[in-house]
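Novice: Generate a structure from the sequence data that follows.
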Amino acid sequence: MATVKNRIKRIQEKFATQSEVQYPSDIFKDSIFQVTIGNKHFTNSELALFRPPGAMEEETVGLLKRIFQEKYPSTRNNGIPKVPSKLDDKILVIKALQHHFNDIRNLLVKTRDSLSARVELEHLQKIKILIEHFENDKNTFPYHKFQDYIDNQDFIDELRTGLYAVDLFLKTTNPDRARAKAKVFSPDTPRARRPIPKPYQLTETPYDLKVLTSGSALVLYLSEINGSFLEDDSAWEVSLTVSDHSYTKSEDLENSISLSRVNGTITISPTYSQILDIIGPREPGVYDIYCTRPSLADPTVDEVINLLTANVSFELYTRVEPIYTL
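Specialist: Numbers count the residues shown, from 1 in each chain. Predicted structure coming up:
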């Protein structure tokens with residue numbers, strides 16, 4: 001699908017450039033047909049409108065394409081083009097952006113369509129940021145020597161060193177310019193893989209539920225989880241909900257939680273198979289304890305409180321403290 005889209009894009013660019021003005025000094029005239037400035041795309045004829053008074057059209061278009069092209073990432077810093085190291089180029093790009101800024105601002109005054117005005121305003125703000133960037137930023141790139149930079153990049157990409165004997169050896173032994181030594185993979189001897197589980201969704205606490213293959217039982221004291229109100233009103237009922245790591249599957253485990261008002265505790269005791277069906281064998285999940293009672297104002301409506309949320313995961317064994325005898 002991506003290949004088809006790329007072909008369509010190249011065909012569109014080909015037809016778009018047939019009517020475009022071509023400049024002999026444009027080093028990207030056969031490879032880059034538009035550049036992005038602000039939040040808009042510009043072809044050669046549209047870049048020509050950036051030309052400030054007193055500047056040459058061909059020089060302005062060529063410089064803007066060298067600066068705002070995205071083919072060579074080393075010309076950018078955090079996604080923003082670096083400032084031209086040549087002072088004349090720096091002044092020209094600032095004047096070109098200011099000229100475009102003034103044109104858009106004048107157009108914005110005449111625009112009555114609120115949607116178009118908002119789009120133009122966003123573009124105008126980005127152009128203003130670019131102007132300030134080229135005026136103040138210290139990261140520079142020699143755009144006036146861009147052709148030399150491209151030639152050097154092509155030289156390196158072809159895995160050449162400049163030494164005839166070495167280049168001849170590399171061309172003979174590595175005609176396809178492979179980047180790494182070939183490896184043989186056999187379907188009869190598959191490579192072992194070690195699955196790495198995802199981290200807990202929540203910060204690890206003493207309330208996390210560790211489930212053994214034989215089951216588990218976690219006792220929570222109401223005084224420790226701000227649940228003392230459950231002892232004073234017998235209308236409150238507790239329920240347990242377990243969710244997987246991505247919250248795509250959740251289930252209520254009705255018989256896996258119990259409240260003891262005498263002891264002031266809540267006991268969670270789900271089985272291994274119950275948790276396995278919800279969170280799977282590999283990733284941790286989350287459990288929630290909800291408290292529910294009929295509303296005092298309207299008994300037909302339930303009051304619901306999320307008392308506790310913590311992690312749930314599997315544990316292969318229970319650590320036993322060694323007993324030392326003297």
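Novice: can you pull out the helices in this structure?
Specialist: Assigned by DSSP state H, the helices in the chain fall at 2-18, 44-47, 57-68, 87-110, 114-136, 146-157, 164-173, 229-232, 272-279.
Novice: Provide the contact partners of the third one at residue level.
Specialist: Which is helix 57-68. Contact with helix 57-68 is made by 23-28, 32, 35-37, 42, 44, 47-48, 50-52, 75, 81, 84, 89, 92-93, 96, 143, 146, as judged by CB atoms under 8 Å, 6 or more residues apart in numbering. Just so you know, the C-beta spots here come from the backbone N, C-alpha and C atoms, and that holds for glycine as well.
Novice: what do you get for the fourth one?
Specialist: Here helix 87-110 makes contact (CB under 8 Å, 6+ apart) with 37, 49-53, 55, 59-60, 63-64, 67, 83-84, 117, 120-121, 123-124, 127-128, 130-131, 134-135, 143-144.
Novice: let's see 6 Å
Specialist: With CB atoms under 6 Å, 6 or more residues apart in numbering as the test, helix 87-110 has contacts from 50, 52, 60, 63, 67, 83-84, 120, 124, 127, 130-131, 134, 143.
Novice: hey, which strand is longest across the chain?
Specialist: strand 302-314 (DSSP state E).
Novice: What's the end-to-end length of stretch 295-305?
Specialist: End-to-end distance for stretch 295-305, by CA to CA, to the nearest Å: 12 Å.
Novice: coming back round to it: list the buried residues for the longest strand of the chain?
Specialist: If you call a residue buried by 16 or more other CB atoms under 10 Å, then strand 302-314 has these buried ones: 305, 307, 308, 309, 310, 311, 312, 313, 314.
Novice: In JSON lines, list those residues along with distance to residue 176 and pLDDT.
Specialist: Below are the buried residues of strand 302-314 laid out as JSON lines (distance: CB to CB, whole Å; pLDDT from 0 to 100):
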{"residue": "305", "distance to residue 176": "67", "pLDDT": "92"}
{"residue": "307", "distance to residue 176": "64", "pLDDT": "93"}
{"residue": "308", "distance to residue 176": "61", "pLDDT": "94"}
{"residue": "309", "distance to residue 176": "56", "pLDDT": "94"}
{"residue": "310", "distance to residue 176": "55", "pLDDT": "94"}
{"residue": "311", "distance to residue 176": "50", "pLDDT": "94"}
{"residue": "312", "distance to residue 176": "52", "pLDDT": "94"}
{"residue": "313", "distance to residue 176": "48", "pLDDT": "92"}
{"residue": "314", "distance to residue 176": "48", "pLDDT": "89"}
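Novice: which of these lies closest to residue 196?
Specialist: residue 313 (13.9 Å; CB to CB).
Novice: Distance-wise, check that closest one relative to residue 278.
Specialist: When distance is defined by CB to CB, to the nearest Å, residue 313 is 12 Å away from residue 278.
Novice: now swap in residue 112 and tell me
Specialist: 57 Å.
Novice: Also residue 152?
Specialist: From residue 152 across to residue 278, the span is 58 Å (CB to CB).
Novice: and if you look at residue 87?
Specialist: Taking CB to CB as the measure, residue 87 falls 66 Å from residue 278.
Novice: more crowded one of those two?
Specialist: Under the neighbour definition other CB atoms under 10 Å, residue 87 and residue 278 were set side by side, and residue 278 has more, 19 against 8.
Novice: now this structure, which segments are flagged as low pLDDT?
Specialist: The chain contains residues with pLDDT under 70 at 1-21, 153-162, 184-187, 189-194, 317-326.
Novice: could the helices of the chain go into CSV alongside distance to residue 199?
Specialist: Shown next, in CSV, are the helices of the chain (distance: least, CB to CB, whole Å):
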stretch, distance to residue 199
helix 2-18, 32
helix 44-47, 48
helix 57-68, 40
helix 87-110, 45
helix 114-136, 37
helix 146-157, 39
helix 164-173, 45
helix 229-232, 32
helix 272-279, 14
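Novice: Which of those sits closest to residue 218?
Specialist: helix 272-279 (12.0 Å).
Novice: For the closest one, report the contacting residues that lie outside it.
Specialist: Against helix 272-279 from outside (CB under 6 Å, 6+ apart): 211, 213, 215, 242, 244, 249, 251, 253, 285.
Novice: Pull out the buried members of those residues.
Specialist: 211, 242, 244, 251, 253, 285.
Novice: If the fourth one is in a bridge, with which residues?
Specialist: So the one you mean is residue 251. residue 242 (DSSP bridges).
Novice: Next one: residue 135 from residue 95, what distance?
Specialist: The value you get for residue 135 to residue 95, if CB to CB is used, is 11 Å.
Novice: Neighbour count for those two, which is higher?
Specialist: Set residue 135 next to residue 95 and count neighbours by other CB under 10 Å: residue 95 wins out with 18 against 11.
Novice: Got the phi and psi for residue 79?
Specialist: phi 80, psi 0 (degrees, to the nearest 10).
Novice: And for residue 139?
Specialist: According to degrees, to the nearest 10, residue 139 has phi -80, psi 120.
Novice: Residue 32 too?
Specialist: Dihedral angles of residue 32 (phi, psi; degrees, to the nearest 10) stand at phi -120, psi 120.
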